[in-house]
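Build me a model:
(one chain, ligands or ions: 1)
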Amino acid sequence: MLEVKFTADGSRCTTDLFIANPDKYQGLLICLECGKRAWFTKSYKTKNGDRTACFSARHEDGSLKATTILEAEDMEGIDQDENGDATSADIVINLDKTKHGSIEKSTDSDKTTAPPHNWEPSPKPHVIGGKSGFPMDRSLRQILSYLTRNPLYGTGKSLHIQAESGRTVLEGMLRDLLVEVPNIKEDDYTKMKIFWGEINNYTEKPDGSLWLNYGSWSEPSIILNKDLKLDVMEKYRMKDLSRFHGSHFIVVGVVDKSKKGKPFITSGFPKYMNFINYRERER
Ligand SMILES: [Zn+2]
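Presented below is the predicted three-dimensional model:
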């Protein structure tokens, strides 16, 4: 899309307007037709030449503005959900078994500093006797993959997240632990939960911290302090953060509120979080 709606005053925002004042528009843009949240995508180099800057969104089905399709990269274990997972009521996640890695696949064009990069999936899980009802090994990434397909995934399943040492990080019924952002309830604050949802945009603060934003300044953000940001970038071998636009996230962490009432989610280690990125394909 080359034009979107600015929700603050209903005006139209073009790519030129956005480039001139990104802070004004970021997190406040929607598709003119279907009203889904939009984000700015910088121009970048492809095999077929430079792609111009545009706006992207996860459109409603049938939106005429949907000139591109978002394709998930490295969804994990989707087929297993039908056959194995359905027969087991218990899920075990060992956070230390998740591996991160990423390959920079494309180079900057002159107009951008934003090479698309790809997340590599964590290794295929070892399934422990799913058919006979033993707990299923799952990764955070798999659970996120399931949730993006079916936001009600996990009904009736218990979850046990453990560290390599065997220490329990989180335990309970999966649906009680899951919080879909932005639907944070008063009861969720200051407790460890599993947050998941969509990232619309990000901001880097002067102190080096990274804010992954659901939308505008008043809506929820995941805050990675500088060390955690650098850790995540190293684990995923990231040079650039713009691939977070439109990503789905899952974070085992705690939500708190700023003085102005903005919810912010924090977490301890890169292994407590996972992201699914999307690449755009022309229709
Ligand atoms: Zn649309």
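
Could you give the number of residues near Ser258?
Other residues lying near Ser258 total 12 when counted by other C-beta atoms under 10 Å. Heads up, the C-betas are built off the backbone N, CA and C, glycines and all.

tell me the contacts of it?
Counting by C-beta atoms under 8 Å, 6 or more residues apart in numbering, Ser258 touches Phe264.

what pLDDT does it get?
The score at Ser258 is 94. That number is its pLDDT.

Starting from the top strand by length along the chain, tell me which strands it pairs with and how they run.
In the chain, assigned by DSSP state E, the strand with the most residues is strand 248-257. When pairing is defined by DSSP bridges, strand 248-257 lines up against strand 192-198 (antiparallel), strand 263-266 (antiparallel), strand 273-276 (antiparallel).

Going by secondary structure, His160 is in what exactly?
Per DSSP states H and E, His160 falls inside strand 158-162.

got the contact list for Arg281?
Residues near Arg281 by C-beta under 8 Å, 6+ apart: 68-69, 71.

Between strand 192-198 and the strand holding His160, find me the angle.
Strand 158-162 and strand 192-198 are oriented at 100 degrees to each other (axes from the mean of the first three to the mean of the last three C-alpha atoms, to 10 degrees).

how close does the closest residue to Ser216 other than its chain neighbours sit to the ion?
With sequence-adjacent residues excluded and distances taken as C-beta to C-beta, 6 or more residues apart in numbering, Ser216 is closest to Gly27, at 4.0 Å. If you measure Gly27 against the ion using C-beta to the ion, to the nearest Å, the figure is 17 Å.

Give me the neighbour count for Glu33.
Close neighbours of Glu33, defined as other C-beta under 10 Å, add up to 17.

and if you look at Glu60?
Glu60, neighbours per other C-beta under 10 Å, totals 13.

need the helices for the protein, in chain order.
Counting by DSSP state H, the chain has helices at residues 15-20, 22-25, 78-83, 140-149, 174-177, 226-235.

Out of those, indicate the one that is most buried.
helix 140-149 (a mean of 22; mean count of other C-beta atoms under 10 Å).

quick check: angle from it to strand 158-162?
150 degrees.

Let me know the distance separating the residue lying closest to Glu73 once chain neighbours are set aside from the ion.
For Glu73, ignoring the flanking residues on the chain, the nearest one in space by C-beta to C-beta, 6+ apart is Asn277 at 5.1 Å. Applying C-beta to the ion, the value for Asn277 to the ion is 20 Å.
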